[in-house]
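Visitor: No letters, just coordinates:
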């Protein structure tokens, strides 16, 4: 999928996300925040300027979030994002209220709405993680001008084709058609079993 499709899924299919910021002591703080709009490469949400959440956003200008949908663990889809934020001010508030009319029940008058400001997540990295698929499905994406960092476990040329890694892989996502073996990154759980089992140290974590 394209980045816009992941962002659309967060806004329209999940909406309420758990956002983490960092306080003045360097400790993480979480909050439930609705993602109210999206475009090709950004997300939009709002908060009141009197909240501690606003202070943390303006001081650090960074957040991490996870949005999850599913009836239980094995039917769930999770989308996570780490990225930079910026305060856009009041200008987009009427548009967000029109798209999210329930906000009028919380801030019913124009005067009360003036307490709010809009933040944009405009740059960062994200991950799609679908446990409802067999094997699991994982994809990375970026927001803004960011390069994808390919994280996970990889098999180097030191591989001797012994099969030790394959026997401990919970998703059977190691391709053995040639040596060195190849880990299918889109199905990998990042459990690390392959690296522990490899007798030659051919599996590395990046």
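Guide: Happy to help now that I have it. It should be emphasised that the depicted structure is a prediction, and the values quoted were computed from it without experimental measurement.
Visitor: Looking at the chain, which helix is longest?
Guide: When the chain is parsed with DSSP state H, its longest helix is helix 52-60.
Visitor: so what does that one touch, helix or strand wise?
Guide: Secondary-structure packing of helix 52-60 (3 or more CB pairs under 8 Å, 6 or more residues apart in numbering; DSSP states H and E): strand 16-22, strand 28-34, strand 43-48, strand 77-89. For glycine as for every other residue, the C-beta is placed from the backbone atoms N, C-alpha and C.
Visitor: From the contact counts, what lies against the helix or strand just after the last one?
Guide: Next along the chain after strand 77-89, taking DSSP states H and E as the criterion, comes helix 93-99. Applying 3+ CB pairs under 8 Å, 6+ apart, one finds that helix 93-99 makes contact with strand 37-38, strand 43-48, strand 116-130.
Visitor: who does the second one touch, helix- and strand-wise?
Guide: Using 3+ CB pairs under 8 Å, 6+ apart, the elements in contact with strand 43-48 are strand 28-34, strand 37-38, helix 52-60, helix 93-99, strand 116-130.
Visitor: Reformat the ones you listed as TSV; add distance to residue 83, mean pLDDT and mean neighbour count.
Guide: As requested, these are arranged in TSV below (distance: least, CB to CB, whole Å; pLDDT from 0 to 100; neighbours: other CB atoms under 10 Å):
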stretch	distance to residue 83	mean pLDDT	mean neighbour count
strand 28-34	14	98	14
strand 37-38	13	98	19
helix 52-60	12	97	16
helix 93-99	19	97	15
strand 116-130	2	97	20
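Visitor: Would you mind giving the ones you listed as TSV with distance to residue 166 added?
Guide: Output for those, formatted as TSV (distance: least, CB to CB, whole Å):
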stretch	distance to residue 166
strand 28-34	37
strand 37-38	40
helix 52-60	43
helix 93-99	49
strand 116-130	23
